[in-house]
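> Fold the following and give me the result.
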Amino acid sequence: MGCLGSRPVISEDEDDDNCKPTNSKPKTNVRQEIIHKVNSEGAYLMFVKDKYKADKEIVLAAVTKCGESLEHASKELQADIEIATTAITQFWGALEFAGDKIKDDKDIVLPVISKSWPALQYASEKLKTDRDVLETALKQNWKALQYAVYDSIRDKDLVLAAIQENGKALQYVTEESQKDDEIVLTAIKQNGLALQHAIKKQRKNKKVVLEAVKQNGLALQYASKKKMRSNKDIVLAAVSQNGLGLQYTDKKVMKNKDIFLAAVTQNGKALQHGSKKLRSNREIVLAAVTSNGESIKYAGKKLQKDKEIVMSAVTQNGNVLEYVPAHFRMDKEVIIAAVTQNGDALKFALNNLDEDRDCLQAAGLLEDEKESKEEAPRLLSRFRRKNSNNDDNEPKS
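The predicted structure is shown next:
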């Protein structure tokens, strides 16, 4: 693939050619030059005159080297079995330029598809409905379904097999198959986000939507906005699977404490989608930071100063120490909790606590508990150099 390029048109004696009758043979030296060039680079065929594109020896040499060059052969030679099969053998995509009879020849097309399923798109409409051809393509890749012309009843098993491999295959099924609950449910159970490809009727179906959000909470965004996103059972199932699914629910439901608590418990970052009242609720914020320490950034100002909440946040993610109020960065208990989780958080400590032996010990910088106090400055210096080097190596924004 990709053998076609850009080359200047072959030079030849234009005056001599223009003076000759149209049925005269090309000049031998020019023809031999073309044969030599296409034997070296088949794509060269695109730059020669039409009479050479109708020369079987030249075209055969070209497609042997570059199957894609079949595009530039004459219509007669594109329909030539020897030339077409040679081109397709060299590159499956050459099937696109083959004559209609070639595209409709199962003996030629099936072996090509067995090696390269995308060739199905260039097969004749008749072969796109052929059971053997479809099965061969779909066994390779579910995406072949986009080129298939199947019978919704006869070939249902093939469709189900493709969808079981990847629910996103639902986007390629016919409207008739979209009405089949078994096909749709199979798709969303494999990939909840496949709900985006379901027809409107299915996105209003509670059973379908519920299965989708259980598999992936973010699928809530594709549910019927008026009916499904305001259904508490569906929303609760969605946020329990992925708390960030909360952002796609009805605003009224989002204010429900139980649902919001379930969301932040699953993913603390869901806290950012809550009302000021909910982000100021101690129970909710504590659940959020326990799940994801960084969510403290979204908590109410008063709760950001609550030591228990800060301790929970840095215990979950030591680097959150960077975002907490300055007085906590001078609190030895908070520092130790943070660096125990992530030793690198020591760089955010204030009031010389980054030199404190207990903090260094918690950060894992003291290899021996009996190491002398005098060693602390040396270890601190080594730690600072390490972090300085890490900062220097970070890509600039």
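
> Name the residue closest to the centre of this protein, please.
K168 (11.7 Å; Cα atoms, centre = their mean).

> And the pLDDT at K297?
pLDDT recorded at K297 is 96.

> Spatially nearest residue to it, not counting backbone neighbours?
Y323 (5.6 Å; Cβ to Cβ, 6 or more residues apart in numbering). (Glycine included, C-beta is placed from N, CA and C.)

> Surely L195 is in contact with R203?
Yes - counting by Cβ atoms under 8 Å, L195 touches R203, with 6.3 Å between them.

> of those two, who's got more company?
L195 (28 against 21; other Cβ atoms under 10 Å).

> how much space between the more buried one and V334?
L195 sits 44 Å away from V334, going by Cβ to Cβ, to the nearest Å.

> try R282
R282 is 18 Å from V334, by Cβ to Cβ.

> and what of E96?
Look at E96 and V334: by Cβ to Cβ, they are 66 Å apart.

> now P111
For P111 relative to V334 (Cβ to Cβ), the value is 69 Å.

> if you count what's nearby, which of those two comes out ahead?
Taking other Cβ under 10 Å, P111 and V334 do not tie; V334 has more neighbours (22 against 15).

> which one is the more buried one nearest to, not counting chain neighbours?
Excluding its sequence neighbours, the residue lying closest to V334 (Cβ to Cβ, 6+ apart) is F328, at 4.7 Å.

> Is the one you found in a helix, a strand, or coil?
helix (DSSP: H, G, I helix; E, B strand; the rest coil).

> hang on, it packs against K307?
Yes - shown here, F328 and K307 form a contact pair, counting by Cβ under 8 Å, at 7.2 Å.

> low pLDDT regions in the stretch 251-397 of the chain?
For the stretch 251-397 of the chain, the stretches with pLDDT under 70 are 367-397.

> ranges for the helices of it?
Remark: helices assigned in the stretch 251-397 of the chain by DSSP state H, counting those that start in this stretch are 251-254, 257-266, 282-291, 307-316, 332-341, 357-362, 375-393.

> List the contacts of stretch 194-203.
163, 167-171, 175, 178-179, 181, 184, 187-188, 208-209, 212, 219, 221-224, 228 (Cβ atoms under 8 Å, 6 or more residues apart in numbering).

> Tell me which of these fall in helices.
Among the contacts of stretch 194-203, the members found in helices (DSSP state H) are I163, E175, Q178, D181, V184, A187, I188, V208, V209, A212.

> Could you identify the buried members of those?
Among the ones in helices among the contacts of stretch 194-203, those classed as buried by 16 or more other Cβ atoms under 10 Å are I163, Q178, V184, A187, I188, V208, V209, A212.

> Near G99, how many other residues are there?
Based on other Cβ under 10 Å, the number of other residues close to G99 is 18.

> thought it was touching I83?
No - judged on Cβ under 8 Å, G99 makes no contact with I83 at a distance of 9.7 Å.

> what are the ranges of the strands in the stretch 51-200 of the chain?
Counting by DSSP state E, counting those that start in this stretch, the stretch 51-200 of the chain forms no strands at all.

> And the helices in it?
Counting by DSSP H, counting those that start in this stretch, the helices of the stretch 51-200 of the chain are 56-65, 75-78, 81-90, 100-103, 106-115, 131-140, 156-165, 175-178, 181-190, 200-203.

> Pick the most buried one from the ones you listed.
helix 56-65 (a mean of 22; mean count of other Cβ atoms under 10 Å).

> helices or strands next to it in the packing?
Judged by 3 or more Cβ pairs under 8 Å, 6 or more residues apart in numbering; DSSP states H and E, the packing partners of helix 56-65 are helix 28-40, helix 81-90.

> number of nearby residues for the closest residue to G343 other than its chain neighbours?
Nearest non-adjacent residue to G343, counting by Cβ to Cβ, 6+ apart: A363, 3.8 Å away. Applying other Cβ under 10 Å, we find 26 residues neighbouring A363.

> same check, this time on F91
21.

> Run through the residues that contact the spatially closest residue to it that is not a sequence neighbour.
Using Cβ to Cβ, 6+ apart and skipping residues adjacent in sequence, the residue nearest F91 is G67, 3.2 Å away. Contact analysis of G67 by Cβ under 8 Å, 6+ apart lists C3, G42, T86, A87, I88, T89, Q90, F91, W92, G93, A94.

> now, which of these sits nearest Y150?
For the contacts of G67, the closest approach to Y150 (Cβ to Cβ) belongs to W92, at 21.4 Å.

> quick one: pLDDT of the closest one?
What the model reports for W92 is a pLDDT of 97.

> Quick check: the gap between it and S114.
When W92 is compared with S114 (using Cβ to Cβ), they lie 10 Å apart.

> Common neighbours of those two, please.
Residues touching both W92 and S114 by Cβ under 8 Å, 6+ apart: none at all.

> Neighbours of L350, how many?
14.

> rewinding a little: who's more crowded, F328 and K307?
Taking neighbours as other Cβ under 10 Å, F328 and K307 compare with F328 leading, 22 against 13.
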